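**Q** sharing a model that was predicted from the sequence below.
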Amino acid sequence: MRPGGLGTTKFHALANVARISTIQPNPNITAMKLNYLLPAVLISTFAVGAFAQEKRNNKNAPKQTWRVQLLHKDNNEGIAVGDIDGDGKPDITAGEFWYQAPDFKQRPVRALTAFGDDYLSNNSEHLYDMDGDGDLDVLAGTFKETLVNWYENPGVGNYDVEAWPVHRIVDTGTAHNEATFLHDIDGDGTPEFIENSWNVKNPTQIFRLIKGDDGSVTVERHVVCESGNGHGMGFGDISGDGKQDIVFQAGWYEQPAAGAFSGPWTYHHDFDLPHASCPLLIQDLNGDGRNDLIWADGHSYGLYWHEQLESRPDGLTAWRQHLIDKKFSQGHALAWDDVDNDGEPELITGKRFHGHSGRDSGAHDDITVQYYDWAPKTGTWAKHLISTAPAGEGPGIGLQIRVHDLDGNGWKDIVVPGKSGTHIIWNDGR
Ligand SMILES: [Ca+2]
Ligand SMILES: [Ca+2]
Ligand SMILES: [Ca+2]
Ligand SMILES: [Ca+2]
């Protein structure tokens, strides 16, 4: 039986709504123009083609259906999924609480502090076995604090506590944080903790998690760049050498040939991506062997992909911008996963509700969650609306989107936090 009696809200389940295509110009001409027109710092804002929508004609295809369940409403914008109690069923953490499957009973994790008009201190969270005792703990970031804490899973039979034991792991020295990532940047199987900051003067740094034999965990700090961060971040191989690079608002950092922690990384200011999403995605969309970028403006309208072209003779990378969708704002988070069961991942995003407390463009638009199905042969994205609701009354994407098959029906569900509530969007499939 599915969870979802209480708190299940009616919503608009839509499928196959519109196809969005970008009409691509002659690549040779575009590359020439880019090389000719743009100086050393390549800003690839080359407007591409028309933005066209057409109704899909195939009305007989079975429609994929989605169902929204509200778990809680507060201003928390971080979320994580993992099997906290070890019963084999994925559970959810979201800010002050965790939700125990299968009925998603709300239980406490920690207290968050409020600030501003409508913020809670948490800007992101990750489930990871910090102390190596076999159960998942919560590692969390904050908007304003330089101190990073993790919260210890109290273990089966001990979940009626007021809060999980808290441990300080590091003082990063950086406030003004946008989001954090737990990501294995060097590919050794252990993830690193990496902060993205909107303050461009902040360092970009990687914290390696070091586990002691006694269950203690410490970090080792590695500086990518002493001063140079900026809104938005993603990880992947830009240079094509097989090592992951870091892309952010003002370009990318190239991982040293001798390894992630061998020294400072080389900075390339090859593009600017204003208020880029967290994460921005690095994928070879068109299969030409060069990784491309997918990003949204986290505080205004616009979802784009940047096609990586052949590098310029002077060594700078070259890019062509393609518009994916300009009809929604605040796509602050992106996910890349297979939600339609065709074996290929889709681009999942939506609107963050009340970024900057409602002062962002489109703050009062309807709030949506949607996915885009990429067709490499035609270079087009088919937009599928998953849910839509009046501003503040349905699922938004907050600062993190988690995609996971929670109920084991073979279709991946989507869980999202945000100031319009923490929601499960159940994927009922076709
Ligand atoms: Ca569980
Ligand atoms: Ca643990
Ligand atoms: Ca490519
Ligand atoms: Ca798919």
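**A** Done, it's in. Ligands and ions are numbered 1, 2, ... in the order given.

**Q** residue contacts, residue 263?
**A** residue 256 (C-beta atoms under 8 Å, 6 or more residues apart in numbering). Glycine gets a C-beta too; all of them are placed from N, C-alpha and C.

**Q** whoops, I mixed them up, residue 264
**A** Going by C-beta under 8 Å, 6+ apart, residue 264 touches 223, 224, 225, 256.

**Q** most neighbours among these, please name it.
**A** residue 224 (25 neighbours; other C-beta atoms under 10 Å).

**Q** right, and that residue touches residue 247 too?
**A** No: counting by C-beta atoms under 8 Å, residue 224 stays clear of residue 247, with 11.9 Å between them.

**Q** show me where this structure dips below the pLDDT cut-off.
**A** 1-59 (pLDDT under 70).

**Q** who in it is up against ligand 2?
**A** 129, 131, 133, 135, 137 (C-beta under 5 Å from the ion).

**Q** in strands, which of the contacts of residue 264 appear?
**A** 223, 224, 225 (DSSP state E).

**Q** residue contacts, the residue in the stretch 51-200 of the chain positioned nearest to ligand 4?
**A** Minimum separation of the stretch 51-200 of the chain from ligand 4 (C-beta to the ion) falls at residue 64, amounting to 10.5 Å. For residue 64, the contacting residues are 15, 340, 384, 427, 428, 429, 430, by C-beta under 8 Å, 6+ apart.

**Q** roughly how far does it sit from residue 350?
**A** 16 Å (C-beta to C-beta, to the nearest Å).

**Q** who in the stretch 101-250 of the chain is up against ligand 1?
**A** Counting by C-beta under 5 Å from the ion, the stretch 101-250 of the chain sits next to ligand 1 at residue 101.

**Q** where do the helices sit along this protein?
**A** With DSSP state H, the ranges of helices along the chain come out as 27-37.

**Q** for it, which residues are neighbours of ligand 4?
**A** Counting by C-beta under 5 Å from the ion, the chain sits next to ligand 4 at 338, 340, 342, 344, 346.

**Q** wait, doesn't residue 299 sit right on residue 356?
**A** Yes: using C-beta under 8 Å, residue 299 is in contact with residue 356, at 6.4 Å.

**Q** more neighbours: these two, which one.
**A** Using other C-beta under 10 Å as the criterion, residue 299 and residue 356 rank with residue 299 on top: 23 against 16.

**Q** contacting residues for that one?
**A** The contact partners of residue 299, by C-beta under 8 Å, 6+ apart, come to 275, 329, 330, 332, 355, 356, 360, 361.

**Q** pull the number of nearby residues for the nearest residue to residue 137 once chain neighbours are set aside.
**A** Once flanking residues are discounted, residue 137 sits nearest to residue 130: 4.3 Å by C-beta to C-beta, 6 or more residues apart in numbering. Neighbour count for residue 130, taken as other C-beta under 10 Å: 23.

**Q** quick one, what contacts residue 130?
**A** For residue 130, the contacting residues are 137, 139, 150, 152, 167, 169, 209, 217, by C-beta under 8 Å, 6+ apart.

**Q** just among these, which is most surrounded?
**A** Highest neighbour count within these, by other C-beta under 10 Å: residue 137, with 26 neighbours.
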